[in-house]
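**Q** Quick check, what structure comes out for this input:
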Amino acid sequence: MPTSTTFYRHLDTNYTPSDGEMPHIRAVIQENEEVLAEINAQIKALELARDAQVSLIQRHTALLSPIKRLPDDILSTLFLTLLTDANMEVSSRHPAVVVSHVCGRWRHLALDNPALWTSLKIYLTNHSMGSDDDYWIRQTKWRHHMVCACLERSKDCDLFIELYFHEDPLLKGPHEQSIVGLVGALCDASSRWREATFKVTSTWSKTHSSESPFWQIFDLNGADVPRLEKLALSILHHPVHDADGRSFDWIQLFNQRSGLLSGCSLRSLSLGRMTGIIKPSLPVRWGALTSLQLDGFVEYGALRFVLNYDAALAILGLCGQLVTCNLAFFSSPNMPLSPRAQPRSVHLPNLKSLTLRRTVPGRDFLSSLNLPSLEHLFLLNASEIAAAGNLVEAWIQAYGPQLKKELHINVSNLTMPGVASCMDCLPNIAVLHLDENQRRVSREAASLDGDFLKRLAPPCEEEDGNARDVVLWLPKLEVISFPRRATLITRQNLRMFMERRRKLCEKTDTSIAKLRKIISPHGTFIAGDNGIIVVDED
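**A** Numbers count the residues shown, from 1 in each chain. Predicted coordinates:
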């Protein structure tokens, strides 16, 4: 309680104390300051006592934590669930590093779990003009140390390696010795690679670019990678010149030193944009591949990426076991095949998924393929209507009736009659993605509207007294996505469309599939047990 004072009636007023009253006021202040200090000391002591009690309670509560009662084998399995593609970068945030720093028990389990250390995604920091060379080298050495630790802790388990490096050719590169050790450590463990991705863009100023550290990768041969099942390469090498100004033939060197491609277990191969010719003579066991992706290669002189139809057909003719294929063409869609192109007929009995990007190949290419098992078709072209529209129709007319799973097409390359022609050929498709060009859409391009939806779900007589019998498009459709711009469809149109399909499904029992999802600019419409749910609305 405050000390008593005779000045209560003057507090919070404009009263001016006399000279004689001043000492008494100072005495009251001093006395109450001493009381306040004592109270503060008591509060601090109570806070310390409270914190001690809270800590004691929390520490005892932690003893009851269910995770402490988990057996080691289950806890180790939970650690493995943390391994996702998004967080595999070699850093202090790597899941294996994080769990190994929680407590002694977790660290012991993490270090004793080799599978936890098998996934390595390595981003070599870009070195640019004006940056600190010493810092760059320290960062690379630290990553080297981390990689070596992971390789040691993974013991004899299969490895999943990703290495990314990009150096601006206009800037002076660092001394390559700073990454020699890191790349060398990876190559020393190549016998354990199961999946490997290398995406490198580089320029080196040495007389022979083959002396760059990345060439350690290409010094490997098939015997060095006996477990390698999946390989993705994207190696862009900017032209370099020797002291006499002569250009170094990187392409020739790549074609001479590509033994890495000949691994006996290789089943999935992705050749991204390459400085090197993609051709059938590469030492790939083409006949063993089940998955193939080709993105094209640099054509010197024109300095552009190319993958022509003749080379693609020649390679496909060697890949009789393919299940998935993804090709990016940069040629004119109607470019004829070379008369010498062999084989002219390619039979891929197991191919289920085909993706064609940038350019839809012409009829010569189409007629050369025999794909009896095709279920997924992705025509991700960026051509104009005049160049691509009728070719898209030709592909769908050829393979649409047999497609059962998924189709992805660019409707901004089609006219409305072209869209109708395509829809007529898809009696069994379950998933349809309708995409658009990101650039300006032609005035002739199809614009989807309510009439388009009526062909997917005709109105009943109660809704439209003039309703006529029409052939229902896409009777097996379960999921459809609409483009953001090339559509005049409203939110109400979509709700009505989904409701009509539900009624049609109920009437026909099995001949018409239930529409489960619509993805549109207005949101994602999901058919629930109690009605339509709309999520992700703009």
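**Q** what's the longest strand seen in the chain packed up against?
**A** When every strand of the chain is counted residue by residue (DSSP state E), the longest turns out to be strand 193-202. Strand 193-202 is packed against strand 159-166, strand 230-237, with contacts defined by 3 or more Cβ pairs under 8 Å, 6 or more residues apart in numbering; DSSP states H and E. No exception for glycine: its C-beta is placed from N, CA and C like everyone else's.
**Q** mean confidence score for it?
**A** Here strand 193-202 scores 88 as its mean pLDDT.
**Q** Could you do stretch 521-538 as well?
**A** Confidence for stretch 521-538, expressed as mean pLDDT, is 82.
**Q** Pull out the buried residues from it.
**A** The neighbour-count check on stretch 521-538 (16 or more other Cβ atoms under 10 Å) flags 522-523, 525-527 as buried.
**Q** May I ask you to name the longest helix in this structure?
**A** Longest helix in the chain, counting residues (DSSP state H): helix 22-63.
**Q** any idea which helix or strand comes after it?
**A** Per DSSP states H and E, helix 22-63 leads on to helix 72-81 as the next helix or strand towards the C-terminus.
**Q** What pairs with the longest strand of the chain, parallel or antiparallel?
**A** strand 159-166 (parallel), strand 230-237 (parallel) (DSSP bridges).
**Q** Put together JSON lines for the ones you listed, with mean neighbour count on each row.
**A** Converted to JSON lines, these look like this (neighbours: other Cβ atoms under 10 Å):
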{"stretch": "strand 159-166", "mean neighbour count": "19"}
{"stretch": "strand 230-237", "mean neighbour count": "20"}
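**Q** between those, which gets the lowest average pLDDT?
**A** strand 230-237 (a mean of 85).
**Q** Now do the longest strand of the chain: everything it contacts.
**A** 158-167, 173, 212, 214, 217, 225, 227-238, 272 (Cβ atoms under 8 Å, 6 or more residues apart in numbering).
**Q** before we move on, the earlier item: looking at the strands paired with strand 193-202, which is closest to Leu46?
**A** When those are compared by Cβ to Cβ, strand 159-166 sits nearest Leu46, at 55.3 Å.
**Q** got the CA positions of that closest one in PDB?
**A** What follows is strand 159-166 as a C-alpha-only set of coordinates in PDB (Å, rounded to 0.1, in the frame of the first residue of the first chain):
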ATOM      1  CA  LEU A 159      21.700 -42.400 -54.700                       C
ATOM      2  CA  PHE A 160      19.400 -39.800 -56.200                       C
ATOM      3  CA  ILE A 161      21.600 -37.000 -57.500                       C
ATOM      4  CA  GLU A 162      20.700 -33.600 -58.900                       C
ATOM      5  CA  LEU A 163      23.400 -31.000 -59.900                       C
ATOM      6  CA  TYR A 164      22.500 -27.500 -61.200                       C
ATOM      7  CA  PHE A 165      25.000 -24.900 -62.300                       C
ATOM      8  CA  HIS A 166      24.700 -21.800 -64.500                       C
END
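**Q** Toward the C-terminus, what is the element adjacent to that strand?
**A** The first helix or strand that comes after strand 159-166 along the chain, using DSSP H and E, is helix 177-188.
**Q** Could you measure from Leu351 over to Arg50?
**A** 70 Å (Cβ to Cβ, to the nearest Å).
**Q** Looking at these two, which is more packed in?
**A** More crowded of Leu351 and Arg50, by other Cβ atoms under 10 Å: Leu351, with 26 against 10.
**Q** what number of residues lie near Ser92?
**A** Going by other Cβ under 10 Å, the residues that sit close to Ser92 add up to 10.
**Q** So what does it look like in phi/psi?
**A** Main-chain torsions, Ser92, degrees, to the nearest 10: phi -70, psi -10.
**Q** do Leu269 as well
**A** Per-residue torsions, Leu269: phi -130, psi 130 (degrees, to the nearest 10).
**Q** Run through the bridge partners of it.
**A** Beta-bridge partners for Leu269, by DSSP bridges, are Leu231, Leu292.
**Q** where in the stretch 101-250 of the chain is pLDDT low?
**A** Counting by pLDDT under 70, the stretch 101-250 of the chain has low-confidence residues at 125-133, 167-176, 202-212, 237-250.
**Q** repeat that for 50
**A** Scanning the stretch 101-250 of the chain for pLDDT under 50 picks out 129, 170-171, 205-208, 247-248.
**Q** now do the stretch 301-450 of the chain
**A** Using pLDDT under 50, nothing in the stretch 301-450 of the chain is flagged.
**Q** all helices of it, in order?
**A** Listed in chain order, the helices of the stretch 301-450 of the chain (DSSP state H, counting those that start in this stretch) span 309-316, 363-367, 385-399, 416-423, 450-456.
**Q** can you tell me which of the ones you listed comes nearest to Asp188?
**A** Proximity to Asp188 (Cβ to Cβ) singles out helix 309-316 among the helices of the stretch 301-450 of the chain, at 31.7 Å.
**Q** Output the contacting helices and strands for the closest one.
**A** By 3+ Cβ pairs under 8 Å, 6+ apart, helix 309-316 packs against strand 291-294, helix 363-367.
**Q** Would you mind writing the CA trace of it as PDB?
**A** Presented in PDB, the C-alpha positions along helix 309-316 are these (Å, rounded to 0.1, in the frame of the first residue of the first chain):
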ATOM      1  CA  TYR A 309      11.400 -35.400 -87.500                       C
ATOM      2  CA  ASP A 310      13.800 -37.800 -89.300                       C
ATOM      3  CA  ALA A 311      16.100 -38.000 -86.200                       C
ATOM      4  CA  ALA A 312      13.100 -38.400 -83.900                       C
ATOM      5  CA  LEU A 313      11.600 -41.300 -86.000                       C
ATOM      6  CA  ALA A 314      15.000 -43.000 -86.300                       C
ATOM      7  CA  ILE A 315      15.400 -42.900 -82.500                       C
ATOM      8  CA  LEU A 316      11.800 -44.000 -81.800                       C
END
